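K.L.:
no sequence on this one, just coordinates:
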């Protein structure tokens, strides 16, 4: 990125004893959560002007793989190799209380992510499935409301679109799937047992990746989908405006950056405020910032 200089502003080094697998900003930007192989999640607060570790969340029996803040900032989700998803409630300044322990998956849980506007949580797992969770209004208990099955191997990553009506998933089976939500009373007449929203796979993209797809990011500004792959490449997909329909969307390859890194690409993430800017990181030890030119 010519003309821009990136410097290290702060190093946070006192929160964990082992590998840090994932970090997540709160929506207000004043908190960070970090998930570690030491089995804990650290909460970093900027209340004093500099980020400090003000809370350590314990409870998972194994490595914590992912963490995610809800849109309101009042809830934090974590997941682990212990097959569980935990939901933590922010009860005060730097105070967190476990609101739910969800054991819907049968294997290592790879990722958790919140709906962009609602308190609806999604997770994906080594058990090849995606789970949806919501709080039951009658008893305030969190429960699994839907299971999305369609991948034939580990689901590594998931992401919502801007509205939260669709979800994209990527897998060890080398495919990318797009799922659509059908709420009770939907005009398509899709059955919704127990009056719960049903998610249906409406598009599968296969044949574009030759190895495991490790990550996916659905741009909230442009609708572009970026994937990170074990073949060292980054691919961008766009919705074909001429052939796509609401219930049968068509996503086509917009561009592929072969040899984007020298080794596996582990993560891609769109800039939330700058159009067409993407960041990636890799086993080769580098972080790269990309600009997509249409």
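P.N.:
Looks like it came in fine. Computed from a predicted structure; not experimentally measured.
K.L.:
got the buried residues for stretch 180-194?
P.N.:
For stretch 180-194, the neighbour count (16 or more other C-beta atoms under 10 Å) marks 180, 181, 182, 190 as buried. C-beta here means a position set from N, CA and C on the backbone, and glycine is covered the same way.
K.L.:
Flag the shaky bits of this protein, pLDDT-wise.
P.N.:
Per-residue confidence for the chain (pLDDT under 70) gives these ranges: 1-12, 15, 17, 48, 93.
K.L.:
sorry, back to before: out of the buried residues of stretch 180-194, who's nearest residue 237?
P.N.:
Using C-beta to C-beta, residue 180 is the member of these that sits closest to residue 237, with 16.1 Å.
K.L.:
How is the residue nearest to that closest one when sequence neighbours are not counted assigned, secondary-structure-wise?
P.N.:
Nearest non-adjacent residue to residue 180, counting by C-beta to C-beta, 6 or more residues apart in numbering: residue 202, 4.7 Å away. Residue 202 falls in the strand class when you classify it by DSSP: H, G, I helix; E, B strand; the rest coil.
K.L.:
quick one: contacts for residue 202?
P.N.:
The neighbourhood of residue 202, defined by C-beta atoms under 8 Å, 6 or more residues apart in numbering, consists of 166, 178, 179, 180, 247, 248, 249.
K.L.:
Restricted to strands, list those.
P.N.:
Mapping the contacts of residue 202 onto strands (DSSP state E) picks out 166, 178, 179, 180.
K.L.:
Touching, the first one and residue 182? I think so.
P.N.:
No: no contact is recorded between residue 166 and residue 182 when judged using C-beta atoms under 8 Å, the distance being 11.1 Å.
K.L.:
What segments of the chain are helices?
P.N.:
In the chain, no segments count as helices under DSSP state H.
K.L.:
Quick check: residue 248 vs residue 143, distance?
P.N.:
According to C-beta to C-beta, to the nearest Å, residue 248 and residue 143 sit 31 Å apart.
K.L.:
okay, those two: which has more neighbours?
P.N.:
residue 143 (14 against 10; other C-beta atoms under 10 Å).
K.L.:
quick revisit: how about TSV for the buried residues of stretch 180-194, with distance to residue 102 added?
P.N.:
Output for those, formatted as TSV (distance: C-beta to C-beta, whole Å):
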residue	distance to residue 102
180	23
181	19
182	23
190	25
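K.L.:
Going by distance to residue 293, which of those residues wins?
P.N.:
For the buried residues of stretch 180-194, the residue nearest residue 293 by C-beta to C-beta is residue 180; the value is 29.9 Å.
K.L.:
before we move on, back to that, of the ones in strands among the contacts of residue 202, which is the nearest to residue 81?
P.N.:
Closest approach between the ones in strands among the contacts of residue 202 and residue 81, by C-beta to C-beta: residue 179, at 24.7 Å.
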